[in-house]
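# Sequence first, then the predicted structure, then my questions.
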Protein chains: 2
Amino acid sequence: MREIGRRARAAARRMALVPGPVKDAALREAAAALRQAAPAILAANAADLDEGRAKGLTAASLDRLALNPARVEAIAEALESIAGLPDPVGRAMDSYARPNGLRIDRVATPLGVVGVIFESRPNVTADAGALCLKAGNAAILRAGSESHRSASAIAQAMSQGLSRHGLPADAIQLVPTRDRAAVGAMLTGLDGAIDVIVPRGGKSLVARVQDEARVPVFAHLEGICHVFVHAAADLGMARAVVRNSKLRRTGVCGAAETLLVDRACAATHLAPLVTDLIEAGCAVRGDEAVRAVDPRVAPATEADWRTEYLDAIIAVRVVDGLDAAIDHIETYGSHHTDSILTEDGAAAERFLAEVDSAIVAHNASTQFADGGEFGFGAEIGIATGRMHARGPVGVEQLTTFKYRIRGTGQIRP
Amino acid sequence: MREIGRRARAAARRMALVPGPVKDAALREAAAALRQAAPAILAANAADLDEGRAKGLTAASLDRLALNPARVEAIAEALESIAGLPDPVGRAMDSYARPNGLRIDRVATPLGVVGVIFESRPNVTADAGALCLKAGNAAILRAGSESHRSASAIAQAMSQGLSRHGLPADAIQLVPTRDRAAVGAMLTGLDGAIDVIVPRGGKSLVARVQDEARVPVFAHLEGICHVFVHAAADLGMARAVVRNSKLRRTGVCGAAETLLVDRACAATHLAPLVTDLIEAGCAVRGDEAVRAVDPRVAPATEADWRTEYLDAIIAVRVVDGLDAAIDHIETYGSHHTDSILTEDGAAAERFLAEVDSAIVAHNASTQFADGGEFGFGAEIGIATGRMHARGPVGVEQLTTFKYRIRGTGQIRP
């Protein structure tokens, strides 16, 4: 593993200097190589699936693992779309002259080496690897044992494409799955060879990475996202946005898990909101006020306010106005994405200012919490930490910066 | 300590919402309170100095610890200057509309709770505390045992001033020195109550913090700064900049520790550069080529290339051109501040691009590595890490950001 780290660091130093158009051409070539290698990738994936079935993986895991020609094509297209993004390296973030004539520029530079640890989705090999490269970084990827053959086949095809444009072969390295200690070694940072770790997978993986990592981590442990229907909410809008926030896709981190309804509008708004959800197939757990409007509402316990269901289940609570809603979110939330529905601009501004989450929204679905929806083109994940990256982590968040000073012989008095 | 953490987190939540003008008025009031409390602060400092002398502190430590009326006035002025900086909270870092009509703003928000661990300089109480408050954060300060009385007197005066403008009393908390386990507890993050640690002191403190901290750290372990005199350097400029980089102040982290001279100009440039330094009282350690020009040059060993002298000593090496200089800096440097002296613009651009340091300079002294010189007004330290803050850490680097989405009822298809 140390050798992998050393090679990644050397590759990162070369990657940092690769011009944007060369990176983009290499990514397009990698997409072409992936399309060409589709039969080999699908064969590797079939072997992974066979082993997964034999091991008794759940249907959901097998679905995450499965590739087909359309999914391979989608992976190739994702690479092309990353190639089409503006180069995040070299951006002038600030530029000014000092009274002594020194010109100071703050320019974006690559982060260095990104470690990505993922589970069953083999497309992460391509997506995460491409995002790292686009930002001038080297990547060390660790696939779950269940997806290793697929990930290797994808990595191999990509490397062929990248090397045709002179990118270092070690810019994307896949750690051998048979090395059981690899994840632990990556979490220690490989003697300073890894600058940041991105876990891509379930809660237990993220929790382990956050607990054990001695290097920075871009991640969210969970997305306990709230929709607050304020006293001045438009009922029609609230019905549409609540349903979408909860049910458009229930398994994504931006799905709403808790609905808060202002007591001041509960008499008119609560029953239709709850009925909508139940009739759309969602289980509702509520406090007493919520149970009073529909007998199908199960009782909510304290644990429900802290639960990320990732399923067609929602916890509903009636709260005493804006302050109580903000208190609830600050107490039970996970600082991911929270939305207020109201026609009262002042209430909305207070919510946007006071709720301390990576993403706060007014009159919009929580399901917009996604790099694509933000216009980032792609994201490597969503971070709820406060350092460096927060919210969707796109190519810009995979860079750091340095200061360039240009002088004419200035000395400091 | 947990109670201190809990109170800091509560104070941070309130601090985040304090309007800029209120923070500034409170900082000015704190400056006035400091001036008024000068006799009490000087009495506390005298007691610290007495104890320090009895304990046998070095003269340098006693000097760092000592206050006098002029130094107290300087502390008060520093607070006023921080009050005069633009508010870093609420800055729009990005603002755009999506095709679906969603308006997305990325706005600067406070980091949260900043832990500052320092040694003998009592002014850090005021400087670091004020920078944290200006950025809307709460601060937990841990003074060295040698400066505790002085730090307490300063903190008490500041708190009086701050509370007159309604800032939470816990926005700046000083940890009792008698709690020996406090530093260790802070390094674990106090159960998530501390977002970042800033060590202010000698190398052993910084090393301990970097080794043990389970939360992010803004720091530099050392400043092994280089000046590279390129083949095309102007000799007159090189003589002035080298002397200034090394000798203006030898104890600051931006002081040059190693001089690299291009072999292509060594015949003309090396002797005058070395002679200048020796005649200005600097000990020179060099490789064979350097020793050949002056018998007073001592032999340099491998260890010299890795040493931060913080003294009137310099290591000098003749290198084979730009690539060798960059290699030397990447091998032995500490990614702090490195400068190239040359009239060759292409060589300068390569140096600025390829040397991976927080600050890279062309034709300027390394001693400009300082938040004040960057126009930041003040800095809490200089960071050589790659995450979040890099280079001088001013009030902007003490903020994070969040995304605010404003919609009109958008749902995601």
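In hand now; what should we look at? Residues are numbered from 1 along each chain as shown, chains lettered A, B, ... in the order given.
# by contact count, what packs against the lowest-mean-pLDDT helix or strand in chain A?
Across the helices and strands of chain A, mean confidence by mean pLDDT, DSSP states H and E is lowest for helix A:59-65: a mean of 89. When contacts are defined as 3 or more Cβ pairs under 8 Å, 6 or more residues apart in numbering or on different chains; DSSP states H and E, helix A:59-65 sits against helix A:38-55. Using the backbone N, CA and C atoms, a C-beta is placed for each residue, glycine as well.
# so how far is the helix it packs on off the chain centroid?
With Cα atoms, centre = their mean, to the nearest Å as the basis, helix A:38-55 stands 26 Å off its chain's centre.
# cool, and stretch A:396-413?
Using Cα atoms, centre = their mean, the offset of stretch A:396-413 from its chain centre is 31 Å.
# buried set for that stretch?
Residues of stretch A:396-413 classed as buried: A:396-407, A:409-412 (neighbour count, 16 or more other Cβ atoms under 10 Å in any protein chain shown).
# Stretch A:276-291 now?
Applying 16+ other Cβ under 10 Å to stretch A:276-291 flags A:276-277, A:282, A:284-287, A:289-291 as buried.
# And stretch A:130-139, by the same measure?
By 16+ other Cβ under 10 Å, the buried positions in stretch A:130-139 come out as A:130-139.
# State the distance from the residue nearest the centre of chain A to chain B.
Centroid-nearest residue in chain A: residue A:381, 1.7 Å away (criterion: Cα atoms, centre = their mean). Distance of residue A:381 to chain B, given as Cβ to the nearest Cβ, to the nearest Å: 15 Å.
# before we move on, back to that, a markdown table for the buried residues of stretch A:276-291, including distance to residue A:302, secondary structure and pLDDT?
Below are the buried residues of stretch A:276-291 laid out as a markdown table (distance: Cβ to Cβ, whole Å; DSSP: H, G, I helix; E, B strand; the rest coil; pLDDT from 0 to 100):
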| residue | distance to residue A:302 | secondary structure | pLDDT |
| --- | --- | --- | --- |
| A:276 | 26 | helix | 97 |
| A:277 | 21 | helix | 98 |
| A:282 | 21 | coil | 97 |
| A:284 | 17 | strand | 98 |
| A:285 | 11 | strand | 98 |
| A:286 | 13 | strand | 98 |
| A:287 | 11 | coil | 97 |
| A:289 | 16 | helix | 97 |
| A:290 | 15 | helix | 98 |
| A:291 | 16 | helix | 97 |
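# returning to what we had before: now whichever helix or strand comes after the least confident helix or strand of chain A - C-alpha only, PDB.
Downstream of helix A:59-65, the first helix or strand assigned by DSSP states H and E is helix A:69-83. As requested, the backbone C-alpha atoms of helix A:69-83 are provided in PDB (Å, rounded to 0.1, in the frame of the first residue of the first chain):
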ATOM      1  CA  PRO A  69     -25.000  -2.000 -22.200                       C
ATOM      2  CA  ALA A  70     -27.100   1.000 -21.300                       C
ATOM      3  CA  ARG A  71     -25.300   1.500 -18.000                       C
ATOM      4  CA  VAL A  72     -21.900   1.200 -19.600                       C
ATOM      5  CA  GLU A  73     -23.000   3.800 -22.100                       C
ATOM      6  CA  ALA A  74     -24.100   6.000 -19.300                       C
ATOM      7  CA  ILE A  75     -20.700   5.700 -17.600                       C
ATOM      8  CA  ALA A  76     -19.000   6.700 -20.900                       C
ATOM      9  CA  GLU A  77     -21.300   9.600 -21.300                       C
ATOM     10  CA  ALA A  78     -20.600  10.700 -17.700                       C
ATOM     11  CA  LEU A  79     -16.900  10.900 -18.600                       C
ATOM     12  CA  GLU A  80     -17.600  13.000 -21.600                       C
ATOM     13  CA  SER A  81     -19.800  15.300 -19.600                       C
ATOM     14  CA  ILE A  82     -16.900  15.700 -17.000                       C
ATOM     15  CA  ALA A  83     -14.600  16.400 -19.900                       C
END
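# Tell me which stretches of the stretch 151-300 of chain A form helices.
A:182-187, A:203-212, A:235-247, A:263-279, A:288-291 (DSSP state H, counting those that start in this stretch).
# Could you identify which of those helices is most buried?
helix A:235-247 (a mean of 22; mean count of other Cβ atoms under 10 Å in any protein chain shown).
# Check which helices and strands it sits against.
strand A:225-229, strand A:256-262, helix A:263-279, strand A:337-341, strand A:359-364, strand B:399-410.
# can you rerun that using 7 Å?
The helices and strands touching helix A:235-247, judged by 3 or more Cβ pairs under 7 Å, 6 or more residues apart in numbering or on different chains; DSSP states H and E, are strand A:225-229, strand A:256-262, helix A:263-279, strand A:337-341, strand B:399-410.
# can you put these in TSV and add distance to residue A:354?
Listed next are the helices and strands packed on helix A:235-247 as TSV, based on distance: least, Cβ to Cβ, whole Å:
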stretch	distance to residue A:354
strand A:225-229	12
strand A:256-262	14
helix A:263-279	18
strand A:337-341	10
strand B:399-410	11
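# Residue A:351 is nearest to which of those?
Ranking these by proximity to residue A:351 (Cβ to Cβ) places strand A:337-341 first, at 4.0 Å.
# Tell me which strands the closest one pairs with, and in which orientation.
strand A:225-229 (parallel), strand A:359-364 (parallel) (DSSP bridges).
# any chance of the ones you listed in JSON lines, plus mean pLDDT and mean neighbour count?
Below are these laid out as JSON lines (pLDDT from 0 to 100; neighbours: other Cβ atoms under 10 Å in any protein chain shown):
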{"stretch": "strand A:225-229", "mean pLDDT": "98", "mean neighbour count": "29"}
{"stretch": "strand A:359-364", "mean pLDDT": "98", "mean neighbour count": "27"}
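# Make CSV from those strands and add distance to residue B:102 to it.
Output for the strands paired with strand A:337-341, formatted as CSV (distance: least, Cβ to Cβ, whole Å):
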stretch, distance to residue B:102
strand A:225-229, 16
strand A:359-364, 6
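# For residue B:237, which of those strands is the nearest?
Of all the strands paired with strand A:337-341, strand A:359-364 sits nearest to residue B:237, with 50.5 Å by Cβ to Cβ.
# what angle separates that closest one from helix A:235-247?
Here strand A:359-364 runs at an angle of 140 degrees relative to helix A:235-247 (axes from the mean of the first three to the mean of the last three Cα atoms, to 10 degrees).
# Tell me which residues are up against strand A:359-364.
Outside strand A:359-364, the residues that touch it by Cβ atoms under 7 Å, 6 or more residues apart in numbering or on different chains are A:237, A:241, A:336-341, A:348, A:351-352, A:368-369, A:391, B:102, B:402-410.
# try 8 Å
For strand A:359-364, contacts defined as Cβ atoms under 8 Å, 6 or more residues apart in numbering or on different chains pick out A:237, A:241, A:336-342, A:348, A:351-352, A:368-369, A:391, B:102, B:402-411.
# Paired strands for the next helix or strand after that strand, with orientation please.
Per DSSP H and E, the first helix or strand lying C-terminal to strand A:359-364 is strand A:382-383. Strand A:382-383 has the following strand partners under DSSP bridges: strand A:391-392 (antiparallel).
# and the partner strand, average pLDDT?
Averaging pLDDT along strand A:391-392 gives 96.
# between the buried residues of stretch A:276-291, which is closest to residue B:145?
Checking the buried residues of stretch A:276-291 against residue B:145 by Cβ to Cβ gives residue A:287 as the nearest, at 51.8 Å.
# Please verify my assumption that that closest one contacts residue A:320.
No. The pair residue A:287 / residue A:320 is not scored as a contact, 12.0 Å apart, by Cβ atoms under 8 Å.
# Next one: the residue of the stretch 251-400 of chain A found nearest chain B from residue B:305, what distance?
Here the stretch 251-400 of chain A gets closest to chain B at one residue, residue A:364, 3.2 Å apart by Cβ to the nearest Cβ. According to Cβ to Cβ, to the nearest Å, residue A:364 stands 56 Å off from residue B:305.
# swap in residue A:309?
Counting by Cβ to Cβ - residue A:309 and residue B:305 are separated by 58 Å.
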